[in-house]
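Participant: The sequence isn't on hand, but the structure is:
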């Protein structure tokens, strides 16, 4: 009978194609990994891996084993997770994937509130590019993800819960030359460095459509974003200390705007920077902790939307 740890060692060796690297990631010694693979080979009576100049490669028998081993590993992980589901909110772990931009700003307060309400629950916040998070869902590395869903491709395996749409503002520092213009054009705005993350294609196209042809050609040659940064916290600091400008969902910068640190550049239609939502595997049950977190996130999202409405009504 195969031992699960031996199968996981084979998966690790196949993934890293090197005994030393795989042993390091698996937290075992290289001789122990070699003995583990040898044990599998003796049980099956075949060679599972070949060494060549490119590293370690699975044989035809190795590929057969790996296909089943990955299925068994996922099934074992799901079994352990089902046990954790039964424990409820008092115990267990919640793994949340979060995009690094607005989704992180939206989810951060909820993580804090969740920890305060359920201090025994382990919370693992995995921050990564939104394009990578569906793969993490499929690999069972996270329970669900809070991401920009506007450009996610349709996938029958995923269930998507849209959150509210949040207005987008163009921001600069207090005293920036743009603050002295009552009606700046997009061409005037883009004379200054644009700071931000990778922008959705639709938002990029909308901004470029507002430019004269010669300015658009220049921007296309040089690139739209001059300072690339995924962290909203760091970006606010960059903009406050420079002539760079940035686009933010309103709720992400209301404190700095109301404190006078950042200013809204008027009359610029930023268009949609994307809509946030919760994404999960359709056929995978949500734990009590996950359901509670998503419910709290929806309430927090509404509170941020209400705060934005108050801000804009006061501005008008």
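Facilitator: Happy to help now that I have it. Values in this document were obtained by computation on a predicted structure and should not be read as measured data. Residues are numbered from 1 along each chain as shown.

Participant: Please name the residues that touch the most centrally placed residue in the chain.
Facilitator: Residue closest to the average C-alpha location in the chain (C-alpha atoms, centre = their mean): residue 99, at 2.5 Å. Residues counted as contacts of residue 99 (C-beta atoms under 8 Å, 6 or more residues apart in numbering) are 127, 128, 129, 130, 133, 145, 146, 147, 148, 276. Using the backbone N, CA and C atoms, a C-beta is placed for each residue, glycine as well.

Participant: so what pLDDT did it get?
Facilitator: What the model reports for residue 99 is a pLDDT of 82.

Participant: do residue 210 as well
Facilitator: So residue 210 comes in at 62 (pLDDT).

Participant: just to revisit the earlier point, pick out whichever of the contacts of residue 99 sits closest to residue 19.
Facilitator: residue 128 (28.1 Å; C-beta to C-beta).

Participant: So residue 277 sits against residue 158, correct?
Facilitator: No. With contact defined as C-beta atoms under 8 Å, residue 277 does not count as touching residue 158 (10.4 Å).

Participant: Ends of stretch 189-198, what's the gap?
Facilitator: For stretch 189-198, the first-to-last residue distance is 19 Å (C-alpha to C-alpha, to the nearest Å).

Participant: Give me the buried positions along that stretch.
Facilitator: The neighbour-count check on stretch 189-198 (16 or more other C-beta atoms under 10 Å) flags 189, 190, 192, 194, 195, 196, 197 as buried.

Participant: among those, which are in helices?
Facilitator: residue 189 (DSSP state H).

Participant: Residue 268 touches residue 189, doesn't it?
Facilitator: Yes. Assessed by C-beta under 8 Å, residue 268 is found in contact with residue 189 at 6.1 Å.

Participant: List the residues that are in contact with both of the two.
Facilitator: In contact with both residue 268 and residue 189: residue 170, using C-beta under 8 Å, 6+ apart.

Participant: So which residues make contact with stretch 66-79?
Facilitator: Stretch 66-79 is contacted by residues 4, 7, 8, 10, 11, 14, 58, 140, 284 when judged by C-beta under 8 Å, 6+ apart.

Participant: For burial, what's the neighbour tally of residue 2?
Facilitator: Applying other C-beta atoms under 10 Å, we find 15 residues neighbouring residue 2.

Participant: rewinding a little: I'd like the contacts of stretch 66-79 as TSV, with distance to residue 80, secondary structure and pLDDT appended.
Facilitator: Output for these, formatted as TSV (distance: C-beta to C-beta, whole Å; DSSP: H, G, I helix; E, B strand; the rest coil; pLDDT from 0 to 100):
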residue	distance to residue 80	secondary structure	pLDDT
4	11	helix	85
7	15	helix	86
8	13	helix	88
10	20	helix	87
11	16	helix	89
14	22	helix	88
58	26	strand	89
140	10	coil	83
284	14	coil	80
